[in-house]
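>>> have a look; sequence and predicted model below, questions after that.
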Amino acid sequence: MDPSISRFWENYINISKSYGVKPASVRWYVRYAEEYIKAHKATRLSLHTPALLEAYLKDKGRNKHLKDWQYKQIIDALRILFTALVKSSWAESFAWDDWLIAADQLQDGHASIGREQQAEIAPVQGSFSIELYKDIPKGLIKTVYEKYPDYLNKLVYTIRSKYHSIRTEQSYLSWLVRFIVFHGLRDPADFEGNDIRLFLDHLAIRRNVAVATQQQALNALIFFFKNILEKEVTEIGQFHQSRKPRRLPVVLTRDEVNRIFTNIQSSVALLMVNLLYGCGLRLMECLRLRILDIDFGYKQIIIRNAKGNKDRIVPLPARLVEPLKNQIECVRNLHDEDLENGFGCVYLPHALARKYPNAPRELKWQYVFPSGKTSTDPRSGITRRHHMHETGLRKYIKQASDKAGIHKRVNCHTFRHSFATHLLESGYDIRTVQELLGHADVSTTMIVAPGIPASHDTSSSMNVVYPCTEQTGCDRDQSVGCVAVSDINGLI
């Protein structure tokens with residue numbers, strides 16, 4: 001081997017170790033860097049451009065066999081190559097963090113890729129021989145499935161036929177398995193209401209679960225008894241109810257919000273956190289935004305199928321218009337390349353994909369925050385690009401809050417609580433905040449803002465919230481996505 005080449009890779013290995021790469025992973029970093037260089041043999045490394053690197057990463061992201069952790073290693077290996085070894089002038093400003101946040105792949109069991117119904121599933125000769133998943137997981141589910149496959153299969157079939165979400169499916173299946181194991185793998189046909197009471201007592205006394213957890217278990221077992229065993233549960237009896245206290249939510253000050261914003265390095269993550277705080281969105285509401293949900297004309301965002309399967313409208317802060325337009329342009333470029341490479345389809349809810357067969361390939365239906373990798377839907381088996389995984393944003397928020405020196409327990413939902421609290425502190429009526437948050441009951445809205453009086457004037461005609469603009473005369477800091485009240489009625 002040429003001595004200069006040997007020195008090159010020795011330097012790469014030493015620099016990788018200094019960057020904290022584990023010794024066992026160094027050889028893989030070398031391999032990924034070598035693969036990149038071999039893919040561009042005709043071009044010297046010093047002449048490489050951001051566009052060339054982006055094209056390579058996009059191509060790798062279409063490999064459905066590449067795991068998300070492997071994809072992250074590729075990104076990190078190339079970051080070390082260009083920033084520390086080649087020292088390209090553009091490397092420091094390249095959006096490495098944005099690529100990393102989009103690298104997490106949605107797993108087969110994720111709620112966003114398991115929402116299609118399998119209409120072809122049907123009982124065969126009284127036996128439900130459908131597959132729960134491609135591979136039955138190990139552990140308790142596998143143990144119970146091998147002994148009572150018909151019960152578990154029928155439960156999955158019934159849940160899907162009633163168009164419940166995959167999260168409901170996973171939850172109910174898990175509780176049924178725990179219930180059967182708790183009773184020593186007895187035949188479920190022999191279960192009675194008293195068996196449910198014993199299990200609920202166990203959860204409350206021995207496991208010390210929360211009230212909502214115990215209620216979820218009860219709902220799952222009632223569903224199983226009624227729909228699978230075809231028994232009416234009338235004699236559960238008195239069971240010990242969980243009394244775990246409800247905790248007050250964490251709320252950030254405006255200064256703390258600004259400090260977190262300052263410490264988020266990824267532009268995509270910063271845009272998403274701005275939406276969480278400036279619009280009061282839940283994390284999954286933000287991730288599932290599609291391009292057609294952003295209405296730049298009316299400066300509003302339509303939240304589809306939110307909690308409780310409800311839609312609502314929230315204002316779009318004026319300072320987020322340009323960043324969102326830039327993000328959509330990035331999605332357009334990625335989507336065009338996906339189409340050229342035989343991809344480009346996106347999940348459509350309910351029967352829209354059958355009604356409008358070309359819609360999954362249209363730009364307007366694409367996610368605003370697409371994943372850097374493709375995923376396979378566990379129910380349909382279709383490989384396509386979904387939205388980003390939520391864990392990426394959670395990591396950036398935790399890192400930013402730590403860097404900002406904030407000692408509160410900060411997560412994505414904290415910004416939603418802070419949004420509501422800051423509006424109430426500024427004197428906005430609680431009914432308006434209730435509408436923006438999408439709460440069915442105003443008492444729920446009052447919980448998210450502890451210590452803020454709920455006796456705001458609800459009779460005012462000025463009950464519509466609009467984004468802050470220079471014309472509104474708002475003197476608050478524009479960097480935190482604040483909102484101002486408008487006297488134009490009827491938008492929300």
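That came through fine. Residues are numbered from 1 along each chain as shown.

>>> pull the longest helix from this structure.
In the chain, with assignment by DSSP state H, the single longest helix is helix 321-340.

>>> elements contacting that one?
helix 50-61, helix 267-279 (3 or more Cβ pairs under 8 Å, 6 or more residues apart in numbering; DSSP states H and E). All C-beta atoms are positioned from the backbone trio N, CA, C, and that covers glycine.

>>> count the residues that sit near residue 75.
20 (other Cβ atoms under 10 Å).

>>> so residue 374 sits in a strand?
Yes: according to DSSP: H, G, I helix; E, B strand; the rest coil, residue 374 belongs to a strand.

>>> so it sits against residue 65, correct?
No: Residue 374 lies out of contact with residue 65 (Cβ atoms under 8 Å); the separation is 10.1 Å.

>>> looking at those two, which is more packed in?
For residue 374 and residue 65, the more surrounded residue by other Cβ under 10 Å is residue 374, and the numbers stand at 21 against 5.

>>> what residues sit buried inside the longest helix of the chain?
324, 327-328, 330-331, 334-335, 337-338 (16 or more other Cβ atoms under 10 Å).

>>> what is the helix or strand following it packed up against?
Downstream of helix 321-340, the first helix or strand assigned by DSSP states H and E is helix 352-355. Using 3+ Cβ pairs under 8 Å, 6+ apart as the contact criterion, no helix or strand is in contact with helix 352-355.

>>> how about helix 352-355 as CSV, C-alpha atoms only?
Extracted C-alpha coordinates of helix 352-355, given in CSV (Å, rounded to 0.1, in the frame of the first residue of the first chain):
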residue,chain,number,x,y,z
LEU,A,352,-57.8,7.8,0.4
ALA,A,353,-55.0,5.8,-1.3
ARG,A,354,-57.6,3.6,-3.0
LYS,A,355,-59.9,6.5,-3.9
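
>>> avg pLDDT for that helix?
For helix 352-355, the mean pLDDT works out to 80.

>>> over to stretch 371-379?
77.

>>> likewise stretch 88-107?
Average pLDDT, stretch 88-107: 86.

>>> mind showing which ranges of the stretch 51-200 of the chain have poor pLDDT?
Residue ranges of the stretch 51-200 of the chain with pLDDT under 70: 107-138.

>>> quick one, helices of it?
68-80, 96-101, 140-147, 149-161, 166-182, 193-201 (DSSP state H, counting those that start in this stretch).

>>> highest mean neighbour count out of those?
Scoring the helices of the stretch 51-200 of the chain by mean neighbour count under mean count of other Cβ atoms under 10 Å gives helix 96-101 as the most buried, with a mean of 21.

>>> checking my notes, residue 386 in a strand, right?
Yes: Residue 386: assigned to a strand according to three-state DSSP.

>>> and it, how far from residue 217?
Between residue 386 and residue 217 the computed distance is 30 Å (Cβ to Cβ, to the nearest Å).

>>> quick check: residue 437 touching residue 416?
Yes: counting by Cβ under 8 Å, residue 437 touches residue 416, with 7.2 Å between them.

>>> how about the contacts made by residue 214?
Contact partners of residue 214, counting by Cβ atoms under 8 Å, 6 or more residues apart in numbering, are 200, 203-204, 241-242.

>>> make it 10 Å
Listed by Cβ atoms under 10 Å, 6 or more residues apart in numbering, the contact partners of residue 214 are 199-201, 203-204, 207, 239-242, 244.
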